[in-house]
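Asker: Here is the input, now give the coordinates:
(chains A, B and C)
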Amino acid sequence: MRFPLRFEARTDSPKYLSAAVPVISIIAALVVGAVFLLATGYAPIETYQEMLKGGFTTFYGITDTLGLSTVLIFTGVAAAFAFQMNLYNIGGEGQLYLGMIGGAWAGLAFGDSLPSAIAIPVVLLMGALFGALWIVVPAIVRSKLGTSEIVTTLLLTYVALNLMNYFIYTSSSFFRDESTTGFPQGRPLPESATIEAFGSTRVYPTFFLAVVVALVLFWIVKRTEYGYRIQVIADSPRAAQYAGISAQRTTLSVMMISGALAGLAGSALIVGPFEKLDISITTMGYGYAGIVVAALARYNFVAIIISAILFAGLRTGGDKLQITSDTPVHIGVILQGAVLLFALGGEIFRRYRLRVVRQQQQAVAS
Amino acid sequence: MNDNIWILTFADSIAIATTLMLASLGALFNERSGVLNLGVEGVLLMGTVSSFLATDSSGSIWVGLVVGTLVGGLTAMIHATLSVVFRANQIVAGLALVIFCTGLANFLGKPAEGRIISEKIVPLDFGPLTDIPVIGPIVFEQDIVTYFAIALTIAASWYIFRTRSGLTLRATGDDPATVDAQGLSVATIRFSYTILGGMLIGLGGSWLMLARASAWNREGTTNGIGWIALALVVFAGWRPIRIIFGAVLFGFTLQLPFTLQAERITFIPTAFTQMVPYLATLIALVALSTPKSRQALGAPKALGIPFVRDER
Amino acid sequence: MSNTSHEVVQGPHHESGAASVALSAHHITKRFPGVVANCNVDFDIRRGEVHTLLGENGAGKSTLAAILCGLYQPDEGYLTRNGSVISLPSPRAGLAHGIAMVHQHFRLVERFTVAENVVLGSSDLSFRLKTKDLNDKVAAVADSYGLPIDPTAVIGDLSVGQRQRVEIVKALYQGAEILLLDEPTAVLVPAEVEKLFDNVRAMTASGKSIVFISHKLGEVVEISDRVTVLRNGEVTGSVEGRGSASTADLANLMVGRHVDLSVQRAEHPIGHEVLQVRNLSLTVNGVKRLDNITFNVHEGEMVGIAGVAGNGQKELADVIAGLTSPTSGTIAIQGVFTTDLGPIKAREAGLAYVPEDRLGMGLVPSMSILDNLLLTRKRDVIVDRGSVRPEAARLIEQFEIKANGPEHVARKLSGGNAQKVLLARELSGGRTPTALLVVCSPTRGLDVGAIETVRRLIDDARSAGQAVLLISEDLDEILSLSDRILVLYRGAIVHETPGESAHIETVGAAMAGLSK
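Answerer: Numbers count the residues shown, from 1 in each chain, chains lettered A, B, ... in the order given. This next block holds a predicted model:
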């Protein structure tokens, strides 16, 4: 069967598409979201207006957005760094949990005996370390045996979830706050292991850390030998072998760094907004959101910063909705998924053009 | 004797294997045609939430099953469109689908939170057959969907390996260029099987809701069972009959926490027994990646690669 | 498009006349993005005839063939079959009219058996597969044309020649009256080529028509009743009757000018030993790929390794280049043992390697020429592209590479230019000056102009004192360039001869494993 519309390969990809595709995806997603809102009895325009206000136009909206974007930048670059080499680290969510556990442990264990200037880096690094540890098994089996890292990292996320449950709900847990009698809480970290937000906002200094990390990663891939090797392996494993570049070793290190970044996301949450181990993190889905952030930014580290702020704004706006009306907050997650779906579909237009194919002309005998 | 906790556990393992079987079978059809569908977890969720809502409003489990199946097919259509028509990266498309469906299912399921439906799928009544020692509860106390799932899996095996359509299906997954050269439409084949797969997954999700959960618990309803189903396709070497055995095995690991709790074996915290299915899947996957096992497995060669006819 | 002069050389011809034309193409034009593949082409094939479409790579032969069988549709022009106009919107339509193509790259499912491949997609297949009946049916069709095959064999286990036979049986099973064979002899040994030609004659004797697509002048002259030559998408000439045109005439029509593909071999001295291979063996998955190979190459000498694809060439090149470790044996480059030490150490010893797979292995497709130059050199922790840029620009000029400067992305280079980039990089030395150049299939898929240039560059390297190891499946190339020829068969050196006194029959026989 031949359809009258056909995709025809382009010879060159116009630059405007790199920006057009994400923008159109967002618009399309908003339309889809509007359909669902209408179908369930909510007014789309008003809902979106509220979201925009909540996330982008008020002072507290903007600062909340920037604050939330911190964790999304971290999980975004974590996913993107692995993807540079066509490795899919889907377990960012679980690595984030482990980062929180590691950071909380370090803070609770050492926070009292160390000055802030040392305690905070220790907490952050411990989170990164725990994140890397959580990915080490998938990393090794991927680099040595070729086991799909998609399913392995994901399965470990469910294990991590159970681990968090254990640490929070078990009464004898090191992390558990014994003083409260109500819903199980994590023990708060000592003062020296936490940092203050700026003024009355929810933006923490870790925001700037996230931006710096993203820029450093950008520079590493573009300018260093390590980044060169990554590019070679990603594009052509055989060329890598030809040039004596070890794909196995690089795969391992790339995945570990990716896990560490996701773990860092967790410990940044510990020193910043959370300041204790909190089970509510498991309903946030920051790890998965990072994948969407990265995909929409087409895995470009600088674009991820923008993409993270955008999604943070969506979320913040959606959260505010729940307070001002009874619109389900889930509309934010729907939009998140829809944007990515459209962006994925739109990718094809970078490489192909739509053409109307004329039916084969019946010849007139000459 | 038939009250023995382990016999009951085994019977329950077969029951929970229903969802795994159906979801894996759906994913198997997908993958045999060459399309990787990582969105199984999302499709599963959509099946559970839609069957809940349908049964709740209609009062009939059959309506729930049908609706769940259809919704599964519809959801898979999104993935089919992205993967086949728009030649998107199938891995990211599947993940995006999971994220989208998680949000959508939560959105649609909000009115259902906290409610329980009273209608439930019950095991068929085979009368005195259930009193047979050991075999009785295991074989004769399952519900109709479970029997259907097993029968369907066996029929699928025959279909894939012994019919003309099955030959074409296998060829599409291995070497779509060859199928295309025959004048058959690779796109249509892949699209159709993706939707078929989605319907099976939707049915699996509906069973999970209507025979087990009976309440909407957001993502906790399925709790990652879709990912286990995906791994199951790999263990089974893309062959339906082996799915049955793998599904029962993993069903057992999923049942284990409940059994241990009932037996008051508490020295292992629940949190850890609940990790077992995922760890078991992980270990099995790794074991299957060793070069020796890889040879024996045989994934469809064109899996995950969008088909583009070779043009200059 | 202008109408170029259309020569028709008449020679002694047999009974075939216009009355028995089976398929005709009229004024066919086909465009792809950026190129006109066919321009106002007329072509016809008669019953019982072998009509060859001749042209160099990129001339438009495969495109025309694809249009004739329904794989592509022309932008202008039409087809007639047995006198009436037909439209072929798909290969299935082509089959319905009895037209089938056997592709250069076989469309066979490796995991399936012969019978399963032959019947795949055929319309008269019952829903339930009766394996035994199918096997018998397929075997019957094959036997009736003298093409014996085992219907239960798995494609993955078959040789290239056998697979080709399966493709032909498949076309015949599906009722093809007109078969298009796309570069069928590209992967065959001389002996297999003869068998193929016998099969072709059997088929034409029973009334089938064969369209033969090729660029190999020697074979074309032997098998064809008629030859039509394409150049740059247009027909430049048509020759009727066997033996009525020489290879030189045909080459002229193909290229439009007098072409001398042989390289003048200048006399020059041979120096000391640069490459020493001793008792090299390689066993992979229980199969012996290299079998006790011993030879050497000296300064200023070109050693050619001849053989049909799949006899160990790739493995030999990879082992010498340090990409694979041999099971036993040693390799020494300029006196340094490099076995088991990896590609970097081999390069430090003076190795340069131009692999067969230009864009997948030798070059990184998404990287610029400049970055590709860095691929085989030592890089600092922070890559210094600035210092390499002038050298890149110089090399582009020196090797006449058609590119927009050092930032030009490798993927966008034509085959010939990609090869020039590879040679430029390898000859200019990486970690140390190049002493040994290993080249594999250097001119495969290139147009005649590029072939000339590449062969000249390799020969110049040899004249400049490099030791060159040339591994190629193109026997003509080996014969015209090598000082010494070694024949590789099933992983072992089975024949050795000096280049100048080599006999093509002996070498061909050795390639087929028929040496004493």
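Asker: Correct me if wrong: C:Glu110 contacts B:Asp175.
Answerer: Yes - with contacts counted by Cβ atoms under 8 Å, C:Glu110 reaches B:Asp175, the gap being 7.2 Å. Where C-beta positions appear, they are placed from N, C-alpha and C, glycine not excepted.
Asker: more neighbours, the two?
Answerer: Taking other Cβ atoms under 10 Å in any protein chain shown, C:Glu110 and B:Asp175 do not tie; B:Asp175 has more neighbours (26 against 16).
Asker: out of everything not next to it in sequence, what's closest to the more buried one?
Answerer: In this structure, B:Asp175 finds its nearest non-sequential neighbour in C:Val109, 4.5 Å apart by Cβ to Cβ, 6 or more residues apart in numbering or on different chains.
Asker: contacting residues for the one you found?
Answerer: Counting by Cβ atoms under 8 Å, 6 or more residues apart in numbering or on different chains, C:Val109 touches B:Arg170, B:Ala171, B:Asp174, B:Asp175, B:Thr178, C:Glu116, C:Asn117, C:Leu120, C:Ile155.
Asker: Count residues in the vicinity of the last one, would you?
Answerer: If I follow you right, that is C:Ile155. 19.
Asker: Most neighbours of all the contacts of C:Val109, which one?
Answerer: Taking other Cβ under 10 Å as the neighbour criterion, B:Ala171 ranks highest of the contacts of C:Val109 with 30 neighbours.
Asker: what residues does the stretch 201-312 of chain B put near chain A?
Answerer: Counting by Cβ under 8 Å from any Cβ of the partner chain, the residues of the stretch 201-312 of chain B close to chain A are B:223-224, B:227-228, B:230-231, B:269, B:271-272, B:274-275, B:278-279, B:281-282, B:285-286, B:289-291, B:294, B:311.
Asker: can you pull out the helices in chain B?
Answerer: B:5-32, B:40-58, B:61-80, B:90-109, B:135-140, B:144-162, B:164-174, B:176-181, B:186-207, B:225-235, B:240-262, B:270-273, B:276-287, B:291-297 (DSSP state H).
Asker: picking up where we left off before, buried ones among the residues of the stretch 201-312 of chain B next to chain A?
Answerer: In terms of neighbour count (16 or more other Cβ atoms under 10 Å in any protein chain shown), the buried residues within those are B:223-224, B:227-228, B:230-231, B:271, B:274-275, B:278-279, B:281-282, B:285-286, B:289.
Asker: Show me which residues of the stretch 251-400 of chain C are close to chain A?
Answerer: Within the stretch 251-400 of chain C, the positions adjacent to chain A are C:321-323, C:342-344, C:347, C:353, C:355, C:357, C:360-367, C:371, C:374-376, C:379-383 by Cβ under 8 Å from any Cβ.
Asker: Can you give me the neighbour number for residue 79?
Answerer: All of this refers to chain A. With other Cβ under 10 Å as criterion, A:Ala79 counts 30.
Asker: think we crossed wires, I meant chain B
Answerer: 29.
Asker: show me what contacts residue 269?
Answerer: Since you didn't name a chain, this refers to chain A. Contacts for A:Leu269 (Cβ under 8 Å, 6+ apart) come out as A:Val71, A:Leu96, A:Gly99, A:Met100, A:Ile281.
Asker: Hmm, no, I was thinking of chain B.
Answerer: By Cβ under 8 Å, 6+ apart, the contact set of B:Pro269 is A:Tyr166, A:Thr170.
Asker: in the stretch 101-250 of chain C, which spans are helices?
Answerer: C:114-119, C:131-144, C:160-173, C:190-205, C:217-223, C:247-255 (DSSP state H, counting those that start in this stretch).
Asker: do you know which of those helices lies nearest C:Pro498?
Answerer: Comparing the helices of the stretch 101-250 of chain C by their distance to C:Pro498 (Cβ to Cβ), the top pick is helix C:190-205, with 20.9 Å.
Asker: who touches the closest one?
Answerer: Helix C:190-205 is contacted from outside by C:48-50, C:145-147, C:161, C:164-165, C:168, C:172, C:179, C:181, C:184-185, C:188, C:210, C:212, C:219, C:222-223, C:508-509, C:511-512, C:514, using Cβ under 8 Å, 6+ apart.
Asker: if we can go back for a sec, and the contacts of C:Val109, which two are furthest apart?
Answerer: The widest separation within the contacts of C:Val109 (Cβ to Cβ) is 13.2 Å, between B:Arg170 and C:Ile155.
Asker: list the residues that contact both of the two?
Answerer: Counting by Cβ under 8 Å, 6+ apart, the residues touching both B:Arg170 and C:Ile155 are C:Val109, C:Arg111, C:Phe112.
Asker: didn't the second one look like it was pressed against C:Val154?
Answerer: By that I understand C:Arg111. Yes - between C:Arg111 and C:Val154 there is a contact under Cβ under 8 Å: 7.1 Å.
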